[in-house]
Each structure stands twice: as C-alpha cells, then as structure tokens.
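> What shape does this take:
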Amino acid sequence: MSIPLPTEEQKIWADLEIGVIIHLDIQAFEPEYKFRRQWGYVPPAEKFAPLELDTDQWVRSAKAAGAKYAVLVAKHCSGFSLWPTDAHAYSIKQSPWKNGEGDIVGDFFASCEKYGLKPGLYYSASCNAFCNVDNPGTVRDGGPQAQKAYNEIVLAQLTELWTRYGDVFEIWFDGGCLPVEKGGPDIAALLHQLQPNAVVFQGPPGTKSLLRWVGNERGVAPKDCSAVEGDVWAPAESDFPNRYALKAFQGGWFWRAGEDNSLRSAKNLFKTYLTSAGRNTNMLIGMVIDNRGLVPDADAAVFAQFGELLRQTFHEPLASLDGEALRSSSDPYEYRLPLPEDAAPRYLVMEEDIAHGERVQGYKVMAGGKTIKGKCIGHKRILALPQDTKEVILKITQAKDEPVLRSLAVY
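Numbers count the residues shown, from 1 in each chain. This next block holds a predicted model:
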C-alpha cells in the first residue's frame with residue numbers, strides 16, 4: 001500500500017507546531033472602514049502613521065508565546081502594502097511613516113533572523129479594494145484588459161516579496177488563487193521559480209509542500225485530523241485571532257481601540273493548543289498590531305503567560321518512551337507506560353514518526369479505568385488523562401503498515 005510522505009519542509013513545519021500571523025493594515029487608523037461597503041474608496045495612505053512601530057517587539061512577543069515561525073500579512077484586502085511596492089501607488093511609500101522610506105517587510109525579516117523565528121508572508125491575491133478586486137480574484141467592473149492589468153500587479157508584487165528578502169518559510173494565500181484557466185495570474189510558475197521550498201497555505205495546484213485550512217477560525221481541529229488528503233500530504237493549519245470578534249465589528253483579526261476586553265486569556269490559548277497542535281495540526285495565532293505599531297501591552301502579557309503555561313505543563317515528562325525504547329519494543333502494536341507512584345498525570349502525548357507517513361488508523365488508550373479510542377495520531381496527538389492513572393497502555397488496532405512511533409510521553 002502506497003503511503004503519502006511529507007517533504008522535508010513539511011516535516012520541519014510540523015515540528016515548529018506554533019506560529020503567529022501578524023495583522024496591521026490601514027484600518028488601524030480608520031477603524032470604521034469596511035471595504036465591501038465602500039467600493040471605490042480606500043483610506044488615504046497618509047493616514048498610516050505607526051510612529052512607534054517595532055518589529056523586534058512583535059517577534060519577541062511571538063517567541064514568548066512559544067511560536068517558532070511568524071507570518072506577516074504583507075497585503076490584506078484593502079490593497080495597502082507594507083513594503084514600498086513599485087506595482088501601484090498605495091503602500092507605505094505613500095505614507096508618512098519614515099517619510100515614505102521605510103520597509104516593514106524588510107524590518108520583519110530582520111527581526112525574525114535576530115530572534116530565530118522562521119519568516120512567512122501572507123498575500124491576498126483574491127481580494128484588493130484599491131484595485132477593485134474581490135473574491136476569487138476578479139476585477140469587479142472591467143473586462144479582460146482590466147483583469148490582465150491586475151494579474152500583472154499580482155505577479156509584480158509577488159516577485160518583489162519573493163526576491164527582496166530571502167527565503168520565505170511559509171507563504172499564505174487567503175482564499176486561494178484564481179486558476180489561470182479561469183483568468184487568474186500564473187502564480188504556480190512564479191512560485192516554483194522563486195520560492196520552490198516554501199510551505200504554502202492554500203497554494204495553487206502542483207504546490208510542492210501544501211498546507212490546507214482546518215475549516216474554521218476557532219483553532220479547533222477534528223479529533224481525528226489526518227495530514228493526508230487523498231494521496232497528497234497536506235496537513236492542516238488551525239488559524240484563529242487572539243481577540244474575539246465583538247458584535248459591532250467583524251473578524252477580530254485587526255486592532256481597534258477599546259477592545260482589550262475581547263482578548264483571549266492564556267488559559268484559553270492553552271485549551272486551543274490542545275485542540276490544534278494537540279490534534280495533528282499547527283496552531284497559528286492571530287496577532288494584532290495597534291496604531292502605535294506595537295503588539296498591545298495586554299496582548300503581549302497574555303502571550304507571555306501562555307508561553308509560560310506551555311513550558312510548565314510540558315517541560316519534563318512523568319514517564320516517556322522514545323528512540324531506542326520504542327524501536328526495541330517486542331510488539332510495535334502495543335506499548336505500556338507505568339507511572340511513578342506519586343504521579344498526578346494530566347496529558348498523554350503520542351507522536352508518529354511522520355517521515356514514514358501516517359500509518360496508524362485506529363488506536364485505544366487504557367488509563368485510569370477508562371478507554372479512549374481514536375483513529376489518527378500523526379505528528380502529535382494529546383489526550384487528557386484521568387488523574388488516578390497509574391499506567392498507560394496504548395494499543396494500535398489498525399494500521400496501513402507496521403507503526404513507527406516517535407515518542408510517547410505522559411505529563
């Protein structure tokens with residue numbers, strides 16, 4: 001039986017587990033702006049003035065939360081671009097920030113290198129209010145020539161983003177890409193030429209290292225969430241904003257004054273870690289940037305609290321099996337993990353060695369007089385345990401091939 005395998009880049013991505021996606025756009029300075037209600041108008045670039053902007057502070061906040069990679073929203077649906085693009089006249093080049101001489105994308109890449117995070121870029125090809133384009137990437141009022149002109153803008157901007165700053169670890173296409181056969185730009189060819197080793201969220205057909213959307217913006221993956229779709233390795237990424245959407249607004253992805261009460265708590269982020277990274281997906285936390293150009297103080301504090309909670313919980317296992325202890329097992333379908341007498345276990349963490357693919361298709365865990373059944377382990381599966389657990393028994397009940405586990409640990 002053929003078993004789909006991840007690329008080297010997908011294996012690295014899975015091991016990183018936690019990322020942030022950073023949102024800063026023109027509506028931080030005109031919060032009432034809603035592009036789908038105001039076609040033909042975008043806030044003037046002159047309003048963009050984050051006078052205390054500090055990408056080092058962004059990346060430090062991400063790192064404090066346990067993030068190993070960061071995705072910057074370089075251009076969202078307004079069309080305003082956070083780098084000095086030559087493709088059109090709506091970017092930081094037309095803003096008062098650093099007298100139009102700055103480059104937020106460049107600063108972001110430098111900060112990622114400084115603090116050891118892998119950099120990613122979000123670019124919405126499917127929506128651009130400045131260019132009068134809405135999903136799925138078509139010009140709203142205009143014929144083939146208008147579409148051709150927009151396609152050229154997309155390719156020019158992606159060329160800038162993919163050649164000016166070095167390797168892009170993750171590329172994010174919100175809403176995917178309009179296929180060439182339906183009138184869209186040939187993004188796939190450009191991607192293969194300029195950033196062939198990137199992992200790509202909702203990338204065009206033929207993408208080497210594909211990522212897919214988990215299906216919601218709550219950070220909740222299905223309990224059995226395989227990284228395989230058909231015969232393609234395409235793991236899910238669980239994205240969600242770190243602020244809830246209040247009734248009067250939409251999304252929760254962008255900063256607005258007076259919304260600190262919508263902030264998720266550190267305990268909520270931890271719970272979401274269990275339903276995202278703990279269910280064989282990566283956790284991607286939305287990070288807002290305020291009109292100063294900073295992660296708000298309240299958000300930064302919660303990120304640090306969440307990171308500390310993760311470290312305290314998963315710092316040192318009560319018991320574990322990995323490496324040679326797993327490989328030397330007489331039965332690769334059953335494992336026993338006795339616990340110390342005074343242990344008060346909370347979580348079982350199971351990992352397959354995904355270099356060999358996802359082989360497990362059914363399992364049951366016996367612990368504390370309870371049986372927990374599931375189908376998928378994959379890169380990581382975290383299960384809550386009864387606190388009176390004295391021993392954990394894992395039985396693999398169905399597999400495509402002999403299971404290859406990477407680690408079993410109780411915390």
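
> Now the top helix by length along the chain - C-alpha only, PDB.
Longest helix of the chain, by residue count under DSSP state H: helix 144-163. Extracted in PDB, the C-alpha atoms of helix 144-163 (Å, rounded to 0.1, in the frame of the first residue of the first chain):
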ATOM      1  CA  PRO A 144     -10.200  41.100 -19.900                       C
ATOM      2  CA  GLN A 145      -7.800  44.100 -20.100                       C
ATOM      3  CA  ALA A 146      -8.600  45.200 -16.600                       C
ATOM      4  CA  GLN A 147      -8.100  41.600 -15.400                       C
ATOM      5  CA  LYS A 148      -4.800  41.400 -17.200                       C
ATOM      6  CA  ALA A 149      -3.600  44.600 -15.600                       C
ATOM      7  CA  TYR A 150      -4.500  43.300 -12.200                       C
ATOM      8  CA  ASN A 151      -2.800  39.900 -12.800                       C
ATOM      9  CA  GLU A 152       0.400  41.800 -13.700                       C
ATOM     10  CA  ILE A 153       0.200  43.700 -10.400                       C
ATOM     11  CA  VAL A 154      -0.100  40.500  -8.500                       C
ATOM     12  CA  LEU A 155       2.800  38.900 -10.300                       C
ATOM     13  CA  ALA A 156       4.900  42.100  -9.800                       C
ATOM     14  CA  GLN A 157       4.100  42.300  -6.100                       C
ATOM     15  CA  LEU A 158       4.800  38.600  -5.500                       C
ATOM     16  CA  THR A 159       8.100  38.900  -7.400                       C
ATOM     17  CA  GLU A 160       9.000  41.800  -5.100                       C
ATOM     18  CA  LEU A 161       8.100  39.800  -2.000                       C
ATOM     19  CA  TRP A 162       9.800  36.600  -3.100                       C
ATOM     20  CA  THR A 163      13.100  38.200  -4.300                       C
END
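
> Now do the buried residues in that helix.
146, 147, 150, 151, 153, 154, 155, 157, 158, 160, 161, 162 (16 or more other Cβ atoms under 10 Å). All C-beta atoms are positioned from the backbone trio N, CA, C, and that covers glycine.

> What's the mean pLDDT across it?
Mean pLDDT, computed over helix 144-163, is 96.

> What of stretch 2-17?
Stretch 2-17 shows a mean pLDDT of 97.

> Same question for stretch 267-287.
pLDDT averaged over stretch 267-287 gives 98.

> Buried residues in that stretch, which are they?
Under 16+ other Cβ under 10 Å, the buried positions of stretch 267-287 are 269-270, 272-287.

> mind listing which of these are in strands?
Mapping the buried residues of stretch 267-287 onto strands (DSSP state E) picks out 282, 283, 284, 285, 286, 287.

> Residue 231: which of those is nearest?
Among these, residue 282 lies closest to residue 231 (Cβ to Cβ), at 21.6 Å.

> was I right about the closest one contacting residue 18?
Yes - counting by Cβ atoms under 8 Å, residue 282 touches residue 18, with 7.0 Å between them.

> quick one, strands of the stretch 301-411 of the chain?
Assigned by DSSP state E, counting those that start in this stretch, the stretch 301-411 of the chain shows strands spanning 319-322, 334-338, 347-352, 360-367, 370-374, 381-384, 391-399, 405-410.

> And the closest residue to residue 127 other than its chain neighbours, how far from residue 257?
Spatial nearest neighbour of residue 127, chain neighbours left out: residue 77 (4.2 Å); criterion: Cβ to Cβ, 6 or more residues apart in numbering. With distances taken as Cβ to Cβ, to the nearest Å, residue 77 is found 21 Å from residue 257.

> what's the answer for residue 46, then?
Counting by Cβ to Cβ, the gap from residue 46 to residue 257 is 20 Å.

> same deal with residue 157?
From residue 157 to residue 257 the distance is 30 Å (Cβ to Cβ).

> Could you do residue 23 as well?
15 Å.

> of those two, who's got more company?
residue 23 (22 against 10; other Cβ atoms under 10 Å).

> which SS class is the closest residue to residue 165 other than its chain neighbours?
Distances taken as Cβ to Cβ, 6+ apart place residue 109 nearest to residue 165, at 4.5 Å, with adjacent residues excluded. Three-state assignment for residue 109 (DSSP: H, G, I helix; E, B strand; the rest coil): helix.

> was I right about residue 111 contacting residue 55?
Yes - with contact defined as Cβ under 8 Å, residue 111 counts as touching residue 55 (4.1 Å).

> Same drill for these two, tell me which one is more crowded.
residue 55 (24 against 21).

> From the centroid of this protein, which residue is nearest?
residue 284 (3.4 Å; Cα atoms, centre = their mean).

> which residues does that residue bridge with?
residue 19, residue 239 (DSSP bridges).

> any idea how far it is from residue 277?
Taken as Cβ to Cβ, the span from residue 284 to residue 277 is 10 Å.

> shared neighbours of those two, which are they?
18, 238 (Cβ atoms under 8 Å, 6 or more residues apart in numbering).

> Mind pulling up the pLDDT for the residue of the chain most remote from its centre?
Distance from the centre of the chain peaks at residue 341, with 39.3 Å (Cα atoms, centre = their mean). Predicted confidence (pLDDT) for residue 341: 90.

> I am finished for the moment; much appreciated.
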